[in-house]
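**Student:** sequence first, then the predicted structure, then my questions.
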Amino acid sequence: MNRNAILILLALAPACGAADSPQAPQYTAEGQLLAPKDYREWIFLSSGLGMTYGPAAPADQSQPRFDNVFVKPASYRAFLDTGRWPDKTMFVLEIRNAAEKGSINNGGHYQTGVSRVEAAVKDETRFPQKWAYFSFNAEGKASAFPANSVCNTCHGKNAAVDNTFVQFYPTLLEVATRKGTLK
């Protein structure tokens, strides 16, 4: 490949973690995080049912919720290589209601409507604590929870790798164990 072709390819490819990269989190002029419209096309990490951590946990476990976790593909690939999350990593937590009776289902639970959508973002230049946590409003915008929020405190204290609950993602737990990056 000649030098000009390489320069053109470099100009067209977004820099890893650059603010204008489609992989980077997007913010409003006021600093609110914008909900990514394509997160269901990201890497699906895991789904939990009835997990009760955090202040948003439903007190009534007769109606458990599903937690579906997605991460940006470039961040996932970097984690597979290093066992750590790169700057500009973004997770989306989609919380869905559960139902047990419907159609032909005679037992167990299945997912229904979205209850809430939340995010975790690693942005070392924007957040002094490196990670921030968000809950999107109906317009698809969210302000970061304060640095001393329950989310920041819990993730800092209980996360297996880099403020993330890799212990709940079986395939990534294997990677972190192999790479030696578990807390």
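**Tutor:** Received it, and whenever you're ready, just let me know what you need.
**Student:** quick one: name whatever helix or strand follows the helix or strand bottoming out on mean pLDDT in the chain.
**Tutor:** When the helices and strands of the chain are scored by mean pLDDT, DSSP states H and E, helix 3-12 comes last with a mean of 30. For helix 3-12, the following helix or strand on the C-terminal side (DSSP states H and E) is strand 33-34.
**Student:** residues contacting that next one, please?
**Tutor:** With Cβ atoms under 8 Å, 6 or more residues apart in numbering as the test, strand 33-34 has contacts from 25-28, 119, 121, 132, 134, 136, 140-144. All C-beta atoms are positioned from the backbone trio N, CA, C, and that covers glycine.
**Student:** of all the residues you listed, which two lie farthest apart?
**Tutor:** Using Cβ to Cβ, the pair of the contacts of strand 33-34 lying farthest apart is 132 and 140, separated by 16.7 Å.
**Student:** need the helices for this structure, in chain order.
**Tutor:** Under the criterion DSSP state H, the chain contains helices at 3-12, 73-82, 150-158, 170-179.
**Student:** okay, those in TSV with distance to residue 107 and mean neighbour count next?
**Tutor:** TSV is the format used below for those (distance: least, Cβ to Cβ, whole Å; neighbours: other Cβ atoms under 10 Å):
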stretch	distance to residue 107	mean neighbour count
helix 3-12	52	9
helix 73-82	33	16
helix 150-158	32	15
helix 170-179	24	15
